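**Student:** My questions concern the predicted model and sequence given below.
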Amino acid sequence: MFKKPISLLCAILLSTSFVAGSNVSAAVVLPDAPAYSYTSSCSSQLTITGSTAECYSCVTGYYGSTTKIVIKQMLQKKTSSGNWEDVCSWNSTINNFMGSVTNYKYSLSSGTYRLKSVFTVYAGSNYETITKYGY
Amino acid sequence: MANDIFKKALYDALIPEFSDMLPHADENEYVFSHKFESNMQKLIKRRNKPYYRIINTVGKRIACIAVIILVASSVTIFSVEAFRNAVADFFVNIYEKFSTIQSSDETGVSPLTIENLYDITWDLDGYEVVYEERTIYNFFKTYVNKDIVINYAQYTKAKFNIDTNTENAEISSINIGQYDAIYFYDNHNYHHLIWYNEDYVIEIMSNINKNTLIEIANSVKKVE
């Protein structure tokens, strides 16, 4: 029943690959991606329990290189038009090479939320900014 | 008629006898291992997936993988969506400068908070703990001895989703004891190991040599 459509799909994909001269590379280029010069990893975690949001952001730099981290957390709600608007935000500064922050927002109305965490990671006077979303 | 009576007599005589020969189910309260239960939960969940019929034989799975590779090879040419790889127990989206590594908690049997602490039991004599943090979802500890840095982290599986520096790094899979681990070497000369030990995700990054790091990883045990 599905053999013909699957065969057709494979044929189209094969021909598309060959025509485009596909050289499959796992690494994908994001034009605005930060360099990760002072950051090893970061995470952004949103946990909603009832009407309370727990917003957790964590970053790990490199010991001896990373000197300070500024974390801006924005709890965002999806609007009816599909955009995201800030419900509230928090700023935290960590004078260390790694660290995490947790903030809570109570009495949330129903809807779809996400946590936007913006990490500004310093090595002396140099810095880079990385954004990570948590759902 | 006589035949029917004979059949009934035979049935009445044999069925109770056979029944008595069989062990009763309630006499065998066997406790299965955590790994077995976890695997069974995986199988049950997989069986309930709407696409189970598409992947329920080896041939179908091979066909699906072939189609996915073809789709990915086509899509990556025209879009910036990352190629999603399954490495060890994780999904890995590889970008040019970083990768997103996410756990796949299909079974839902892993602890949702840190209930037991795991730590390195390798001899860390001479090392100083320069950072330690424990939340309900994570446990971090950093050991330093002169220029050698060992960053240890324990995460709950459900919450493990990190963006990590993998620029110019080759991500591969190696064994840590009985577990498959993600391994890569970053552009700051740090080796990274990430694996799932059936309860938690463990990550160790260090600028110590690779073989020693693997020894250290093999020493990670429940300590509390």
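**Tutor:** Alright, I've got the coordinates.

**Student:** quick one, what contacts A:Tyr36?
**Tutor:** Going by Cβ atoms under 8 Å, 6 or more residues apart in numbering or on different chains, A:Tyr36 touches A:Glu128, A:Ile130, B:Lys97, B:Phe98, B:Asn165, B:Glu167. For the C-beta atoms, the positions are set from N, CA and C on the backbone; glycine is no exception.

**Student:** Closest one of the residues you listed to B:Lys222?
**Tutor:** The closest of these to B:Lys222 turns out to be B:Asn165 (Cβ to Cβ; 29.3 Å).

**Student:** where do the strands sit along chain B?
**Tutor:** B:83-87, B:90-94, B:98-103, B:118-119, B:128-134, B:138-145, B:148-156, B:161-165, B:172-176, B:179-185, B:191-196, B:200-206, B:221-222 (DSSP state E).

**Student:** In TSV, list those strands along with mean pLDDT, distance to chain A and mean neighbour count.
**Tutor:** Conversion of those to TSV gives the following (pLDDT from 0 to 100; distance: least, Cβ to the nearest Cβ, whole Å; neighbours: other Cβ atoms under 10 Å in any protein chain shown):
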stretch	mean pLDDT	distance to chain A	mean neighbour count
strand B:83-87	70	5	16
strand B:90-94	91	5	20
strand B:98-103	93	6	24
strand B:118-119	96	17	18
strand B:128-134	96	6	13
strand B:138-145	96	6	20
strand B:148-156	96	5	22
strand B:161-165	96	4	25
strand B:172-176	93	12	15
strand B:179-185	95	11	21
strand B:191-196	96	8	24
strand B:200-206	97	6	24
strand B:221-222	94	23	12
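
**Student:** how about those, which one is nearest A:Lys68?
**Tutor:** Here strand B:128-134 is closest among those (Cβ to Cβ), at 14.2 Å.

**Student:** Where do the helices of chain A begin and end?
**Tutor:** Applying DSSP state H to chain A gives helices spanning A:3-19.

**Student:** So what sits opposite A:Tyr127 in the bridge?
**Tutor:** For A:Tyr127, the beta-bridge partners are A:Tyr122 (DSSP bridges).

**Student:** per-residue pLDDT, it?
**Tutor:** Looking at A:Tyr127, its pLDDT stands at 95.

**Student:** right, and it touches A:Phe119 too?
**Tutor:** No: in this structure, A:Tyr127 is not within contact of A:Phe119 by Cβ atoms under 8 Å, at 9.9 Å.

**Student:** Minimum distance to A:Gln76: which of the strands of chain B has it?
**Tutor:** Closest among the strands of chain B, using Cβ to Cβ: strand B:161-165, at 17.1 Å.

**Student:** A:Ser37 contacts A:Tyr122, correct?
**Tutor:** No: A:Ser37 lies out of contact with A:Tyr122 (Cβ under 8 Å); the separation is 10.7 Å.

**Student:** spatially speaking, which residue is in the middle of chain B?
**Tutor:** With distances taken as Cα atoms, centre = their mean, the residue of chain B nearest its centroid is B:Asp89 (3.9 Å).

**Student:** Give me the phi and psi angles of that residue.
**Tutor:** As for B:Asp89, its main-chain torsions (degrees, to the nearest 10) stand at phi -100, psi 20.

**Student:** next one: A:Thr67
**Tutor:** The phi/psi pair for A:Thr67 (degrees, to the nearest 10) is phi -110, psi -30.

**Student:** I figured it hits A:Ser125, correct?
**Tutor:** No: between A:Thr67 and A:Ser125 there is no contact under Cβ under 8 Å: 9.3 Å.

**Student:** from what I can see B:Phe184 touches B:Ile171, true?
**Tutor:** Yes: in this structure, B:Phe184 is within contact of B:Ile171 by Cβ under 8 Å, at 4.7 Å.

**Student:** ok, A:Thr67 and A:Ser125, which is more surrounded?
**Tutor:** A:Thr67 (17 against 6; other Cβ atoms under 10 Å in any protein chain shown).

**Student:** the strands in chain A, which residues?
**Tutor:** Under DSSP E, chain A gives strands at A:39-49, A:52-61, A:68-78, A:84-94, A:98-105, A:113-123, A:126-134.

**Student:** In JSON lines, list those strands along with mean neighbour count.
**Tutor:** Below are these laid out as JSON lines (neighbours: other Cβ atoms under 10 Å in any protein chain shown):
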{"stretch": "strand A:39-49", "mean neighbour count": "22"}
{"stretch": "strand A:52-61", "mean neighbour count": "24"}
{"stretch": "strand A:68-78", "mean neighbour count": "20"}
{"stretch": "strand A:84-94", "mean neighbour count": "13"}
{"stretch": "strand A:98-105", "mean neighbour count": "19"}
{"stretch": "strand A:113-123", "mean neighbour count": "21"}
{"stretch": "strand A:126-134", "mean neighbour count": "16"}
